[in-house]
Each structure stands twice: as structure tokens, then as C-alpha cells.
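Trainee: 3D, please:
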Amino acid sequence: MYRRTKSDSPLKCPYCDHQFTMNGRAFNYERGKYNETTCKHCGKVFLYVNTTAKHAIENRIQPTIRKEE
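Mentor: Now for the predicted structure:
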């Protein structure tokens, strides 16, 4: 049986693929609403939805998207 590892997380910056956690992020508890945040690795702004990695994988949700400029 395959065991998921931290490298499988869908919570990655859409620009540099650097993994991030939801710790310390400004949460918006409305499901499906995207919030803006900055990648601590590359410094670019992107949008993310408040979801856990497990929920995103099970429901095939894309938790991060590039911000349109």
C-alpha cells in the first residue's frame, strides 16, 4: 500500500513549486473562496483556497492558482 509523503502535498506555489503550509496564513473559512498570499520562497503573489492537503487530494481540488496580473 502506498503511503503519502510530504512531497505529495498539493499545497505548492504555482510559480516555483515550493511547498507551503497553512500555518500562519490568514484563513478565510468560506469554502471555495480564493485568498491572496505571498510565497515565502520566491516572493510572488498567488491565490490559494483554504483546504487541507488530504481534502484537496480526495476531491481533486486545485488549491493554488497564479494571480492574473
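Trainee: separation between the most centrally placed residue in the chain and residue 1?
Mentor: Taking CA atoms, centre = their mean, the centroid of the chain lies closest to residue 11, which sits 3.4 Å from it. Computed as CB to CB, to the nearest Å, the residue 11 to residue 1 distance reads 23 Å. The way it works is simple: take the backbone N, C-alpha and C, and place the C-beta from them, glycine included.
Trainee: repeat for residue 46
Mentor: Look at residue 46 and residue 1: by CB to CB, they are 33 Å apart.
Trainee: in this protein, which ranges drop under the pLDDT threshold?
Mentor: Within the chain, the stretches with pLDDT under 70 are 4, 6-7, 22-32, 69.
Trainee: List phi and psi for residue 48.
Mentor: With angles defined as degrees, to the nearest 10, residue 48 sits at phi -140, psi 160.
Trainee: got the contact list for it?
Mentor: Taking CB atoms under 8 Å, 6 or more residues apart in numbering, we find residue 48 in contact with 11, 25, 34, 35, 37, 63, 64, 65.
Trainee: related to what we said a few turns ago, OK, contacts around the residue nearest to the centre of the chain?
Mentor: 19, 20, 21, 22, 48, 53, 56, 63, 64.
Trainee: and what of residue 38?
Mentor: Residue 38 sits next to 44, 45, 46 when contact means CB under 8 Å, 6+ apart.
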